[in-house]
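Trainee: below is the sequence, then the predicted model.
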Amino acid sequence: MPEKPDSELVQAAISGDADSFTQLCRRYYPAMVAIAHSVLGDRHLAEDAAQQGFANAVRKLPQLKRKDRFVGWLAVICRNTAKDMSKSIKPLGSSEGLCSIAAGAQQDSSAAIVRQAVAELPAADREVIFLRFYDGMTYEQMSAVLGISEQAINGKLRRAKIKIADYLRREGFARVRL
């Protein structure tokens, strides 16, 4: 059975069908966590931000004018929720920011350097890296979530990878392939 379009689920949710909003949550939760993760640098906080973003969205759902643009609208709400949360925690680039994501007794120094390289990217570049490589989204899915073309996604990813490679070279990685 094919999935219902977002616009149908949104309209049903506005009409009081909680199951429809639940379907939207299941459909987009991983993407919203990735967006929040790119802002906050912590997976657990990102999950909290995504959940809060959905809670904010359900309250504001009747205000959504373009029902077919739900996911982009949701992404903005989630991103803003994560930004609000980040004001009360250490910044992503701090020594306890993204580098502490995989905190554990045996942290691999190469992985830490890569995480730091990602942490130093501008927010928009970091977001596409998280959606693509942490969440495994396709260009088509990323295009829907971010509201930009697949060509723009490709360009953003390419530029972000170049910045990461440059950072890694400065940190002593001799051979960095894109």
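Mentor: Everything's here; your move.
Trainee: for the chain, which segments count as helices?
Mentor: 6-14, 18-40, 43-60, 70-86, 109-119, 123-129, 139-146, 150-170 (DSSP state H).
Trainee: and the angle for the longest one with helix 139-146?
Mentor: For helix 18-40 against helix 139-146, the angle by axes from the mean of the first three to the mean of the last three CA atoms, to 10 degrees is 90 degrees.
Trainee: got any ranges where this structure has weak pLDDT?
Mentor: Along the chain, segments meeting pLDDT under 70 span 1, 90-108, 174-178.
Trainee: and the residue nearest the centre of it?
Mentor: Geometric centre of the chain, nearest residue: Ile35, 1.5 Å, by CA atoms, centre = their mean.
Trainee: how close does Gly172 get to Tyr28?
Mentor: Counting by CB to CB, to the nearest Å, the gap from Gly172 to Tyr28 is 39 Å. C-beta coordinates here come from the backbone N, C-alpha and C atoms, glycine included.
Trainee: who has more neighbours out of these two?
Mentor: For Gly172 against Tyr28, the residue with the higher neighbour count under other CB atoms under 10 Å is Tyr28, and the figures read 24 against 7.
Trainee: which of the residues in stretch 71-85 are buried?
Mentor: For stretch 71-85, the buried set under the neighbour-count rule, 16 or more other CB atoms under 10 Å, comprises 71, 73-75, 77-79, 81-82, 85.
Trainee: kindly report the same for stretch 34-51.
Mentor: Of the residues in stretch 34-51, those buried (16+ other CB under 10 Å) are 34-42, 45-51.
Trainee: may I ask which two of these are separated the most?
Mentor: Taking CB to CB as the measure, these span a maximum distance of 17.5 Å, between Gly41 and Gln51.
Trainee: test my guess that Val114 contacts Leu168.
Mentor: Yes. At 7.1 Å, Val114 counts as touching Leu168 under the criterion of CB atoms under 8 Å.
Trainee: OK, contacts around Ala124?
Mentor: Neighbouring residues of Ala124 by CB atoms under 8 Å, 6 or more residues apart in numbering: Lys156.
Trainee: how close does it sit to Asn154?
Mentor: From Ala124 across to Asn154, the span is 14 Å (CB to CB).
Trainee: name the surrounding residues that touch stretch 42-56.
Mentor: By CB under 8 Å, 6+ apart, the residues outside stretch 42-56 that reach it are 25, 29, 32-37, 39-40, 74, 77-78, 81-82, 85, 89, 100-101.
Trainee: cheers, nothing more for now.
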